[in-house]
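Undergrad: pasting the sequence and the predicted coordinates here, then a few questions.
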Amino acid sequence: MRILIGDDDRTVATALTTFVENCGYDVVATVTTGGLEVLHAYDRYRPDIVLLDVMMPRFNGFTICRAILSKEPEAKVILMSGRISPDHPFVKDSGAYAFMPKPLRFTKVRLLLDAMVPALAA
């Protein structure tokens, strides 16, 4: 699977990139500069999955998720946040495939990614 990571916290983005690669997945890009750049990276790389922080500068994760899904309704976006709860109305209305609270538990990240493999192969 080809994965795009968008998180403006460089420490989180780097750790997540390393972990995802160690799980055997291909990280096509790691964007730490802002939501607009995530959208550009999505258009360039067309990843299978986007791991996206909600609180990004220059367009937040909700806006970017909706923009990606408006172009590619089958896109798989996983939102992540330490400030927003999974039952927040914006999360439910985002169209995201899943939501992961921060701090991330890497074992749960791996379980989610591994579970997505069959769905993407179909």
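TA: Structure received. Numbering: from 1, shown residues only.

Undergrad: what about the longest helix in this structure?
TA: helix 106-121 (DSSP state H).

Undergrad: ok now do the most centrally placed residue in the chain, which residues does it touch?
TA: Computing the C-alpha centroid of the chain and ranking residues by CA atoms, centre = their mean puts L51 first, at 1.4 Å. By CB atoms under 8 Å, 6 or more residues apart in numbering, L51 lies in contact with I3, L4, I5, G6, D7, L16, V20, I78, M80, V109. In this view, the C-beta of every residue, glycine as well, is placed from N, C-alpha and C.

Undergrad: now D9
TA: Counted by CB under 8 Å, 6+ apart, D9 has contacts T32, D53.

Undergrad: look up the pLDDT of it for me, please.
TA: At D9, the model reports a pLDDT of 95.

Undergrad: quick one: it and N60, what's the gap?
TA: Relative to N60, D9 is positioned 14 Å away (CB to CB, to the nearest Å).

Undergrad: if we can go back for a sec, so the residue nearest to the centre of the chain is in which element?
TA: Assigned by DSSP states H and E, L51 falls within strand 49-53.

Undergrad: ok, I3 next?
TA: Secondary-structure element containing I3, defined by DSSP H and E: strand 2-6.
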